[in-house]
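In: can you look at this prediction? I've put the sequence above it.
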Amino acid sequence: MPLQRKRQPDRREQQAVETAVQPPPAAEEAPPGPRVTAIIVAYNEAASLRRCLDALQRSKDRELLQILVMDNGSYDETRTIDDDYPDVTVLRLPKNFGRTRAMNILTRTAKADLLFFLSPRIEVQPETVSTLANLLEANEEAAAASPWIVDESGAPVNAWFRLPDAAALSRFSRTATGLMPQTVDAGAEMQAVEYATLDALMISKYFVRGLNYFDDCYGEYWADAELSWRIRRSGRTILVAPRIGVLQFADAPEPRSSAARAALAVDRGSGAAAFIGKRSGFLAGLLFRVRLALGALGAALVFREPGYNLSRFMGILSGSKIDGNQSAIL
């Protein structure tokens with residue numbers, strides 16, 4: 001019986017076989033997400049905001065830094081600043097709804113596990129963000145970390161305080177001064193403090209989320225005081241790192257009308273009353289509110305800025321805050 005020759009596969013069949021036995025292509029690795037999200041709330045601070053963003057853009061490992069800005073109802077060049085920073089995400093609110101609401105929106109938008117709250121007046125160094133993140137991740141007992149803040153002359157800025165009592169809250173509500181600074185050793189590697197402002201503070205997003213974010217009872221003031229108090233109550237600490245420095249510019253304040261000053265004073269007073277109510281109970285907060293309101297009424301009755309103090313009296317009694325309902329330009 002004649003042998004049958006084995007048919008050779010044609011070229012098309014050969015290519016199909018070779019394709020079938022080739023290993024599947026390796027899946028491309030997804031680029032890493034951001035390590036830190038910088039959160040900045042700005043209100044009519046275009047020049048400061050530009051300095052702040054320019055400095056952040058020069059950060060080491062810039063690709064691991066997400067930058068979020070909330071324009072809180074500005075009417076200056078802040079409204080168009082995103083045209084010059086295409087890799088910065090700028091969100092906008094139609095009015096000034098207060099810093100607290102803006103921070104909550106940005107915190108929910110943040111993609112990183114670490115949040116770096118910044119005032120637009122802060123200018124970081126290229127190493128600031130990554131070094132502060134390393135410090136926070138290496139210290140499990142710390143919930144938050146702050147860099148060393150200096151002014152344009154090189155002098156340290158009061159950004160760390162003792163947690164305020166009722167007397168300090170009352171003074172600050174009336175005059176925007178009176179908190180007790182906490183001394184930080186400039187030569188120390190790190191030091192724990194009771195109360196750090198949100199001018200430059202890095203914290204875990206999971207800690208803020210565990211608090212159900214910042215309480216909306218605050219408008220412009222005191223969300224940082226409650227955050228510091230909650231950190232302390234949890235048994236964690238806030239660290240200041242004097243070797244990690246940032247610069248704070250003291251831009252000239254914009255002149256404010258009597259109505260605008262009253263709205264801010266009411267926000268300070270109402271927020272302070274809410275803070276005392278959380279720490280010491282509802283009755284303590286109510287009594288603080290009544291005493292503050294009566295003080296404003298007494299000042300009005302002796303004709304000491306009567307319009308300003310009557311506005312304070314009525315606003316504090318009603319529990320008003322900066323929430324977008326103010327008719328005065330703040």
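Out: All right, it came through fine. Just so we're clear, the structure is a prediction, and the values are computed from it rather than from any experiment.
In: return the distance of stretch 210-228 from the chain's centre.
Out: 11 Å (Cα atoms, centre = their mean, to the nearest Å).
In: state the mean pLDDT of the helix or strand hosting residue 66.
Out: Assigned by DSSP states H and E, residue 66 falls within strand 65-72. Confidence for strand 65-72, expressed as mean pLDDT, is 97.
In: for the residue most central in space within the chain, give me its contacts.
Out: The centroid of the chain falls nearest to residue 117 when counting by Cα atoms, centre = their mean (3.2 Å). Neighbouring residues of residue 117 by Cβ atoms under 8 Å, 6 or more residues apart in numbering: 39, 103, 198-203. Using the backbone N, CA and C atoms, a C-beta is placed for each residue, glycine as well.
In: where does it sit: helix, strand or coil?
Out: Using DSSP: H, G, I helix; E, B strand; the rest coil, the structure places residue 117 in strand.
In: residues near the residue lying closest to it once chain neighbours are set aside, how many?
Out: Spatial nearest neighbour of residue 117, excluding adjacent residues (Cβ to Cβ, 6 or more residues apart in numbering): residue 198 at 4.3 Å. Residues lying near residue 198 (other Cβ atoms under 10 Å) number 23.
In: can you give me the strands in the stretch 1-150 of the chain?
Out: Along the stretch 1-150 of the chain, the segments classed as strands by DSSP state E, counting those that start in this stretch run 36-42, 65-72, 89-93, 114-118, 122-123, 142-150.
In: and the ones you listed: which comes nearest residue 260?
Out: Residue 260 lies closest, by Cβ to Cβ, to one member of the strands of the stretch 1-150 of the chain: strand 65-72, at 14.4 Å.
In: can you list contacts of the closest one?
Out: 34-43, 49, 53, 56, 59, 78-79, 81-82, 85, 87-93, 96-99, 102-103, 105-106, 109-112, 129.
In: one more pass at 6 Å, please.
Out: 34, 36-43, 56, 59, 78, 88-93, 96, 102, 106, 109, 111-112, 129 (Cβ atoms under 6 Å, 6 or more residues apart in numbering).
In: got the phi/psi numbers for residue 277?
Out: Phi and psi for residue 277, reported as degrees, to the nearest 10, are phi -60, psi -40.
In: can you pull the contacts of it?
Out: residue 285.
In: hmm, try it at 8 Å
Out: Applying Cβ under 8 Å, 6+ apart, the residues near residue 277 are 284-286, 288.
In: of those residues, select the buried ones using a ChimeraX command.
Out: Command for ChimeraX that selects the buried part of the contacts of residue 277, burial taken from 16 or more other Cβ atoms under 10 Å:
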select :285,288
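In: pLDDT below threshold where in the stretch 201-330 of the chain?
Out: By pLDDT under 70, the low-scoring segments of the stretch 201-330 of the chain are 252-255, 327-330.
In: picking up where we left off before, give me the buried entries from the contacts of strand 65-72.
Out: For those, buried by 16+ other Cβ under 10 Å: 34, 36-43, 56, 59, 78, 88-90, 93, 96, 102, 106, 112, 129.
In: buried residues in the biggest strand by length in the chain?
Out: Longest among the strand segments of the chain by residue count, using DSSP state E, is strand 237-248. The neighbour-count check on strand 237-248 (16+ other Cβ under 10 Å) flags 237-242, 244-248 as buried.
In: before we move on, what about stretch 268-285?
Out: Residues of stretch 268-285 classed as buried: 268-279, 285 (neighbour count, 16+ other Cβ under 10 Å).
In: next one: stretch 153-166
Out: Those would be 156-157, 159-161, 163-164, 166, for stretch 153-166 by 16+ other Cβ under 10 Å.
In: what is the burial count for residue 258?
Out: Counted with other Cβ under 10 Å, residue 258 comes out at 13.
In: quick one, what contacts it?
Out: By Cβ under 8 Å, 6+ apart, the neighbours of residue 258 are 305, 307-308, 311.
In: ok so, going back, and the longest strand of the chain with strand 114-118, angle?
Out: Strand 237-248 runs at 50 degrees relative to strand 114-118, counting by axes from the mean of the first three to the mean of the last three Cα atoms, to 10 degrees.
In: any idea how far strand 237-248 is from the chain center?
Out: That offset, for strand 237-248, works out to 15 Å (Cα atoms, centre = their mean).
In: what are the pairing partners of that strand, and which direction each?
Out: strand 122-123 (antiparallel), strand 142-150 (parallel), strand 191-193 (antiparallel) (DSSP bridges).
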